[in-house]
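Asker: Return atomic coordinates for the entry below.
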Amino acid sequence: MRVYGCRLRIKLCYGHNDSSDLMSEGSLLNFPCDLFVKVLGHNKSDFRSVAEAIVKAHYADLDIEQIKEKASKNGRFLSLTFAVYAQNKDQIDALYQELVASEDVLLVL
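Answerer: Model (predicted):
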């Protein structure tokens, strides 16, 4: 199942049972658009640089100063929120696929 922040909210609010329901309805986004991508991983020294490099490969104009970083309550996990300007669905899908393929990434929203 693909999980983007907005798709997840729609799924929870409208009770879709699987991602095929969402895909058959067409895109929920109007492109191009601003999009927030949240990436969760273990709070290790290289997690931020790995996630940042993946996002930067898909969005060359990424402003690293705008990345929001938050550690979990016990400090074991780190979430990074990237603000990107998505041109199309394929660009988002490619980013998502590369992020989830990384061993350092636990969850992508």
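Asker: can we go C-alpha only for contacts and neighbour counts from here?
Answerer: Will do.
Asker: where in this protein is pLDDT low?
Answerer: 1-27 (pLDDT under 70).
Asker: Give the residue farthest from the middle of it.
Answerer: residue 74 (22.7 Å; Cα atoms, centre = their mean).
Asker: Quick one: the helices in this protein, in order.
Answerer: Secondary structure of the chain, counting by DSSP state H: helices at 5-14, 19-24, 47-58, 89-101.
Asker: Can you give me the separation between the residue nearest in space to the middle of the chain and residue 96?
Answerer: Centroid check for the chain by Cα atoms, centre = their mean gives residue 37 as the closest residue, at 3.2 Å. For residue 37, the distance to residue 96 (Cα to Cα, to the nearest Å) stands at 9 Å.
Asker: Please enumerate the shared neighbours of these two.
Answerer: Both residue 37 and residue 96 are contacted by residue 108, under the criterion Cα atoms under 8 Å, 6 or more residues apart in numbering.
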